[in-house]
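>>> Fold the following, please.
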Amino acid sequence: MAKPRIEKLTYIGGGSTYTPEFVDGFIQHEAEVDLKEIALFDIHEERLKVVGGMVQRMLHHAELETKVTLSLKRAEAIEGAEFIVSAIRVGGMEARILDEKIPLTRDVIGQETSGPGGTLKAWRTIPVALDIAGDAARYAPGSWFLNFTNPSGIITEALIKHTDLKVVGLCNNPINFQTGMAMIFGVQEREVFLEWMGLNHVNWVRRIFARGKDVTPELMARLDELSSNPALPPFDPELVRTLGVLPTYYPLAYYYNSPEKVRELKAAEKTRGETVREVEEALLRQYSDPNQVVKPPELSLRGGALYSEAAMRVILSLLFDRRDVQIVVTRNGGSLPDLPPDASVEVPCVVGAHGVTPLMMGALPESIRPLCIQAKAWESATVRAGVTGSWRDARLAMMLNPLVPSYDTAAALVEEMLEANREYLPQFFPA
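Okay, the predicted model is just below:
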């Protein structure tokens, strides 16, 4: 029997060093689905050629007949697509490095998805994301929009609130966590169920099941023994017991250990962005090598472990109506009643041809509710400011960020960071 086929998938940000990781997912799942065409779009022609060439060699080496098209014209790339994947970085790595450095001058963490850096990354991205959504609605009506662009929860919420797209936000943190729990309890990853609750990059696991058994008490009892296990977030075991739930590490460590993290970041020789820039430069050199036909192991240094598998599971479930449970970013509805219905949340969802339906996770535990509610208030205010371009909305969003200590600090950060990003913020600096 012939395999089901995706006629066309468009990857926005095709010059990303992550693109070969994504394409490798189709190579690994080639027995399940044919991809007739993948269209890679980017605004950077040279990077697109380099990464596109690497993708073509990978598919040829795997003996797949997928056509690869490279385009500098977004509408052309999107037209007729059944799936659109967005993985963009407006302003590039240089903007990220500024996002990290400016807040540290005021002893505030500038991390790219949770602090002022995440705020600015969202503001740079929201206008572009909404433009892409407009093209998707016009040239690929009915397509599924998979958002990997960080901060994924904020960008996904902007798309939920301001478009009619069928959109789902993705992150590799849940699948990595689930794989780690499977290793600890000696079961298959598919035999683990997580009561994952919260927002993208602000989430906790209330209970863990392995083969249907609640193993949370066993894990809590073994926290000291497992303190050096890389599958577990490196939190103080007593903090975890105090919370009564398991916090995921990235980036909750910035919230729970903020002063210590500020000291670490200020003492570091390089920011994370500067380190990633070096990794990307090395990867692009490898991608330029005509003898490189498989994704290099160094790609793992970029931080994208199981990224392609997370994407493939959603795509295959939507395509084949599997109606399985996956942890993704979607509209809250009533899943977490402590949060607004139209907010984005990251929770277990049933994924099938009908779409994405969040499970009812119930009230947030008292130990995590205040932080989750404040983080969501910041995210939603960030969406609002990113759409309105109001400086007053911007100051409010920055002030609501859990890592920003005062209004004065928030106002100063807005002033300096908006000016530093002027060329990428048309909503704040209209012509």
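>>> What are the buried residues along stretch 415-427?
For stretch 415-427, the neighbour count (16 or more other CB atoms under 10 Å) marks 416-418, 420-421, 424-425, 427 as buried. C-beta here means a position set from N, CA and C on the backbone, and glycine is covered the same way.
>>> hmm, who's touching that stretch?
Surrounding stretch 415-427, the residues in contact under the criterion CB atoms under 8 Å, 6 or more residues apart in numbering are 90-91, 95, 98-99, 102-103, 116, 119-120, 123-124, 126-127, 386-389, 391, 394, 428-429.
>>> Check stretch 168-177 too.
Applying CB under 8 Å, 6+ apart, the contact partners of stretch 168-177 are 144-148, 152-153, 155-156, 189, 194, 196, 200-201, 203, 205, 248, 250, 304-307, 309-311, 313-314, 326-330, 344, 346, 351, 356.
>>> In PyMOL, select just the buried ones from the residues you listed.
Buried residues within these, by 16+ other CB under 10 Å, are selected in PyMOL with:
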select buried, resi 144+145+146+147+148+152+153+155+156+194+196+200+201+203+205+248+250+304+305+306+307+309+310+311+313+314+326+327+328+329+330+344+346+351+356
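>>> top helix in the protein by residue count?
Using DSSP state H, we find that the single longest helix of the chain is helix 116-139.
>>> got the CA coordinates for that one in CSV?
Taking C-alpha atoms only, helix 116-139 is exported to CSV below (Å, rounded to 0.1, in the frame of the first residue of the first chain):
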residue,chain,number,x,y,z
PRO,A,116,13.9,41.2,29.4
GLY,A,117,15.7,39.5,26.6
GLY,A,118,12.7,37.3,26.0
THR,A,119,10.5,40.4,26.0
LEU,A,120,12.6,42.1,23.3
LYS,A,121,12.8,38.9,21.2
ALA,A,122,9.1,38.7,21.3
TRP,A,123,8.6,42.3,20.3
ARG,A,124,11.0,41.9,17.4
THR,A,125,9.3,38.8,16.3
ILE,A,126,5.5,39.5,16.7
PRO,A,127,5.2,41.8,13.6
VAL,A,128,7.0,39.4,11.4
ALA,A,129,5.1,36.4,12.7
LEU,A,130,1.8,38.1,12.0
ASP,A,131,3.0,39.0,8.5
ILE,A,132,3.9,35.4,7.9
ALA,A,133,0.5,34.4,9.2
GLY,A,134,-1.1,36.7,6.7
ASP,A,135,0.7,35.0,3.9
ALA,A,136,-0.2,31.6,5.3
ALA,A,137,-3.9,32.6,5.3
ARG,A,138,-3.7,34.0,1.8
TYR,A,139,-1.5,31.4,0.0
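>>> counting contacts, what elements does whichever helix or strand comes after it pack onto?
Tracing the chain C-terminally past helix 116-139 and defining elements by DSSP states H and E, one meets strand 144-147 next. Counting contacts by 3 or more CB pairs under 8 Å, 6 or more residues apart in numbering; DSSP states H and E, strand 144-147 packs against strand 83-86, helix 116-139, helix 152-162, strand 166-169, helix 307-320.
>>> residues touching the residue lying closest to Gly153 once chain neighbours are set aside, list them.
Excluding the flanking residues, the one nearest Gly153 by CB to CB, 6 or more residues apart in numbering is Asn200, at 3.3 Å. For Asn200, the contact set (CB under 8 Å, 6+ apart) comprises 113, 151-153, 156, 169, 171, 329, 344, 346.
>>> Could you check the pLDDT of Asn200?
pLDDT, Asn200: 97.
>>> Okay, now the unreliable bits of the stretch 1-150 of the chain?
For the stretch 1-150 of the chain, the stretches with pLDDT under 70 are 1-2.
>>> What segments of it are helices?
Under the criterion DSSP state H, counting those that start in this stretch, the stretch 1-150 of the chain contains helices at 19-28, 45-61, 74-78, 92-104, 116-139.
>>> Adding distance to Val85 and mean neighbour count as columns, could you present those in a markdown table?
A markdown table is the format used below for the helices of the stretch 1-150 of the chain (distance: least, CB to CB, whole Å; neighbours: other CB atoms under 10 Å):
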| stretch | distance to Val85 | mean neighbour count |
| --- | --- | --- |
| helix 19-28 | 7 | 22 |
| helix 45-61 | 13 | 19 |
| helix 74-78 | 11 | 20 |
| helix 92-104 | 19 | 20 |
| helix 116-139 | 11 | 23 |
